[in-house]
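**Q** take a look and give me a structure for this.
(one chain, ligands or ions: 2)
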Amino acid sequence: MKLNPITILLIPCIALLFTVTSCEIINPEEDIPAYIQIDTVLVNSDNLFSGSPTHRITDVWVSVGETFLGAFPLPARIPVLKDGNNPLIVDAGIIVDGRTEKRLIYPFYRRLLSDIDLTRGEVTTIIPEVSYLPSDEMEVLLLEDFDFGGGTILGEDLDNNPATVFVTTTNSADVFEGQASGSIELNTVDNVGIVGSNLPYMALDQGILPVFLEMHYKSDSQIQLGVFAYDGDFGLLQTNFFLAFVPRDDWTKVYVDLKEPIATLRSSLGIKYFQLVLRVDKTNTDSRSVSYFDNLKIFRLK
Ligand SMILES: [Ca+2]
Ligand SMILES: [Ca+2]
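**A** Residues are numbered from 1 along each chain as shown. Ligands and ions are numbered 1, 2, ... in the order given. Below you'll find the model as predicted:
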């Protein structure tokens, strides 16, 4: 094998990494770790306030005692050099914007504060439960599960084509949860659908507080997310399409950071409100394309 310069550089680094890791974690040899096994996390949600508890928690960020152990992808077996009863902190981690390299503690799940009994050489399995923050800590700007009938929160047709609108579907094969989901159907002629959240839109916060969108979707075409800026009379000032999702055959949950896209809109003079906008372009090769949505939520920290 011919080693290129990068490979040659990497080998000592990797060797060093293993040495350091083994020194810190399993030396001296009598220092046998206890293990915490976490396969999944549960979410508690007051359905009327924060909607469905269905989540896509991908990581746990764990501290035992005073020691932050790290962020671990699930399922995780976490070595801990401790014995007996210890304080335990578990934060729920997510993938941001569907990009696996962007991982974060989700600010709208309250961390689990508990304690744990550990025995060296043994595995202790736990299923942490986290809750959505209560109403005095977060604001719900949008919540749509399509289950109560009477139209949809994404009711504004922004593309001037009445053939492409957001509708509620109750066909059980296309419903993610509850009685209904939302959908946009396109064909080769009507091949673009742009819909926005309803008036009176969402008020901008004074500072720049964390704000996230949660959404389940499945689609055979590309979906783009946008935020539009409006003045105090709901006059359109600026548009910002900031993220695209690839088609998905299976229902997929995404957590989308809206703080930066909204901050970008602040350059528009007189912005008072913002609107969530979904755009679907028919990118499949069939004669029709349908995109489905459920459990749309926008939360902002108080
Ligand atoms: Ca639903
Ligand atoms: Ca339309």
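**Q** for the chain, give me the ranges with low pLDDT.
**A** For the chain, the stretches flagged by pLDDT under 70 are 1-30.
**Q** longest strand of it?
**A** strand 288-301 (DSSP state E).
**Q** for it, name the packing helices and strands.
**A** strand 138-144, strand 181-187, strand 211-219, strand 248-257, strand 273-281 (3 or more CB pairs under 8 Å, 6 or more residues apart in numbering; DSSP states H and E). Quick note: C-beta positions are derived from backbone N, CA and C, even for glycine.
**Q** tabulate those (a markdown table), appending distance to ligand 1 and mean neighbour count.
**A** Shown next, in a markdown table, are the helices and strands packed on strand 288-301 (distance: least, CB to the ion, whole Å; neighbours: other CB atoms under 10 Å):
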| stretch | distance to ligand 1 | mean neighbour count |
| --- | --- | --- |
| strand 138-144 | 8 | 19 |
| strand 181-187 | 5 | 22 |
| strand 211-219 | 8 | 23 |
| strand 248-257 | 11 | 16 |
| strand 273-281 | 16 | 22 |
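**Q** helix, strand or coil: sort out Glu260 for me.
**A** helix (DSSP: H, G, I helix; E, B strand; the rest coil).
**Q** residues in contact with whichever residue of the stretch 151-300 of the chain sits closest to ligand 1?
**A** Closest residue of the stretch 151-300 of the chain to ligand 1, CB to the ion: Gly178 (3.5 Å). With contacts defined as CB atoms under 8 Å, 6 or more residues apart in numbering, the neighbours of Gly178 are Ser52, Asp145, Phe146, Asp147, Asp294.
**Q** does it belong to a helix, a strand or coil?
**A** Here Gly178 is recorded as coil under three-state DSSP.
**Q** tell me the contacts of the residue nearest the centre of the chain?
**A** The centroid of the chain falls nearest to Tyr255 when counting by CA atoms, centre = their mean (1.8 Å). By CB under 8 Å, 6+ apart, Tyr255 lies in contact with Arg56, Ile94, Ile95, Val96, Asp97, Tyr106, Phe212, Leu213, Glu214.
**Q** close to ligand 2: what parts of this protein are there?
**A** By CB under 5 Å from the ion, the residues of the chain that approach ligand 2 are Asp157, Asp159, Asn161, Thr164.
**Q** so which of these wins on neighbours?
**A** For the residues of the chain next to ligand 2, neighbours were counted by other CB atoms under 10 Å; the highest total belongs to Thr164, with 21 neighbours.
**Q** which element, helix or strand, includes that residue?
**A** Assigned by DSSP states H and E, Thr164 belongs to no helix or strand.
**Q** contact partners for it?
**A** Asp157, Ile184, Glu185, Leu186, Asp190, Val192, Gly193, Ile194.
**Q** for the last one, what are its contacts?
**A** Counting by CB under 8 Å, 6+ apart, Ile194 touches Asp157, Leu158, Asp159, Thr164, Val277, Leu278, Arg279, Val280.
**Q** swap the cut-off to 7 Å and go again
**A** Leu158, Asp159, Val277, Arg279 (CB atoms under 7 Å, 6 or more residues apart in numbering).
**Q** before we move on, what about the second one?
**A** By CB under 7 Å, 6+ apart, Ile184 lies in contact with Thr164, Phe166, Gly193, Val195, Val280, Ser291.
**Q** same deal with the third one?
**A** Taking CB under 7 Å, 6+ apart, we find Glu185 in contact with Arg288, Val290.
**Q** one more pass at 10 Å, please.
**A** 163-167, 169, 193, 280, 282, 288-292 (CB atoms under 10 Å, 6 or more residues apart in numbering).
**Q** ok, what's across the strand from it?
**A** Assessed by DSSP bridges, Glu185 has beta-bridge partners Val290.
**Q** for the first one, same thing?
**A** For Asp157, the beta-bridge partners are Val195 (DSSP bridges).
**Q** mind listing what it touches?
**A** Ala163, Thr164, Val165, Phe166, Gly193, Ile194, Val195, Gly196.
**Q** same check, this time on Ser135
**A** Asp46, Phe49, Ser50, Lys302.
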